[in-house]
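[1] give me a 3D structure for the following:
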Amino acid sequence: MFCSKCGHSLSEQDKFCPECGTAVAAEAVPQATPLPSEANPLPQNPFPFVNTPSYSLRSPMMIATLVVGIISICLSALNYMGIPYVHLGGIVLGIIAISLASKDKRDVGFYSKGGLVTGILGLSLGVLAIIIGILLASAV
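    Presented below is the predicted three-dimensional model:
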C-alpha cells in the first residue's frame, strides 16, 4: 500500500504514514505504481528546452526583424548605385527593424541580434547617403 497523501510505501501494519504522519485508513491506495520519489525518480529530459511546448527559442518576430533589416540595407545601398530616394525607405525600414528588436527584448526577453545589427546598418547607410548628398549638393 501507499500513503494517499504523499505516496510513501506503507506496510500492512502501519497505522500512520512514517513520512508525512497521515493516518492510514481503508482508503489507502492499494499496491500500484508508486509515485516518483528519490528512490524511483522520473526520467529526466537531458535537453530541457527541446520539445517543450511552453518555451520557444525563437520569437515569432525574430525572422521578420532580420528580413526588414536586410531589405533596409539593400534599399540604402541602391542609392549608392544611382537610384535616387530609395535610401529613405532604407532609413524607415532600419528604424522599424530596430523597434521590432527592442519590442522583442522588452516583451519576450530576447531578440534577433542579426535583425538589430542589420537595422542599424541600414539606418546608418541611409543617413550617410543623405549626408553625402548634402555635401555633394553644397560643393556644386
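
[2] so what are the domain limits for the protein?
    Domains of the chain are assigned by automatic domain parsing as 1-43, 61-139.

[3] so of the ones you listed, which one's packed in deepest?
    domain 61-139 (a mean of 18; mean count of other Cβ atoms under 10 Å). In short, each C-beta sits where N, CA and C put it, glycine included.

[4] distance from that domain to the middle of the chain?
    What separates the centre of domain 61-139 from the centre of its chain is 23 Å, taken as Cα atoms, centre = their mean, to the nearest Å.

[5] what segments of the chain are helices?
    61-80, 86-107, 113-139 (DSSP state H).

[6] quick one: closest of the ones you listed to residue 12.
    helix 86-107 (56.8 Å; Cβ to Cβ).

[7] returning to that earlier point: pipe the domains of the chain into CSV and attach mean pLDDT per row.
    Output for the domains of the chain, formatted as CSV (pLDDT from 0 to 100):
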stretch, mean pLDDT
domain 1-43, 69
domain 61-139, 90
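
[8] thinking again about what came up before, residue 20: which of the helices of the chain is closest?
    helix 86-107 (42.3 Å).
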